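With the input below, show me the fold.
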Amino acid sequence: MGIRYIGTVLVAAASVAGCASTYTPPTSGDTAHITFSKYKDSTTGIQTYDNAETCSSRHSIALMRSDSQKTTVAVKASAPLSITMSVTRAIIPLPVGFVVRGCNATVTFAPENGASYAAELVTGHDVCLIKLKQINADETTTDVPEGSLKIRNWKRGFDESSSFCD
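Numbering: from 1, shown residues only. Next comes the predicted model:
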């Protein structure tokens, strides 16, 4: 019973803990739109959270692979929203696998009702952040003011309900 039972429980717990639920866009109330751009030729993951302050109760917005460059989603507006964009790259091949380096950028802001935004992951030379711009009516973009953004430190949560940021 001992090792086999514990192994089965651990495998079951790991399979449940690693899968964020699918994001459901709001159907009423204040909304905004965010267009996410894929990072270069890498698979890019995009998540949001029910609790913006603690980045808990994670939901997967998209997993953008080679066939997609951008995706646009509706989000709740007029309240804090935390989003994470992530990419993982195998950088050093080894005989038994790869050394993997990742980037998990998280930002919190309050989208304005009716506004549209563009989010892009920026990484390289120890930089990992989300560049967020507001899309104006004439299709030009302006940077979201730094004072209205809160850059978060991403951390691995224990399960999908736990906190993913500091």
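
what are the ranges of the strands in the chain?
21-22, 31-37, 44-51, 56-64, 70-76, 81-94, 97-109, 116-124, 127-135, 141-143, 150-152 (DSSP state E).

Single out the most deeply packed of those.
Among the strands of the chain, ranked by average contacts under mean count of other C-beta atoms under 10 Å, first place goes to strand 44-51 (a mean of 21). Where you see a C-beta, it was placed from the backbone N, CA and C, and this is true even at glycine.

List the strands paired with that strand, with their directions.
strand 56-64 (antiparallel), strand 81-94 (antiparallel) (DSSP bridges).

residues touching the residue lying closest to Thr106 once chain neighbours are set aside, list them.
Nearest residue to Thr106 in three dimensions, chain neighbours excluded: Arg152, at 3.9 Å (C-beta to C-beta, 6 or more residues apart in numbering). If you count contacts by C-beta atoms under 8 Å, 6 or more residues apart in numbering, Arg152 has them with Cys55, Ser82, Thr106, Val107, Thr108, Cys165, Asp166.

now for the strands of the chain, which one comes closest to Asp159?
With C-beta to C-beta, the closest approach to Asp159 among the strands of the chain belongs to strand 56-64: 9.2 Å.

Pull the distance from that closest one to the chain's centre.
Distance of strand 56-64 from the chain centroid (C-alpha atoms, centre = their mean, to the nearest Å) equals 6 Å.

now swap in stretch 121-141 and tell me
14 Å.

And for stretch 25-44?
With C-alpha atoms, centre = their mean as the basis, the mean position of stretch 25-44 lies at 9 Å from the chain mean.
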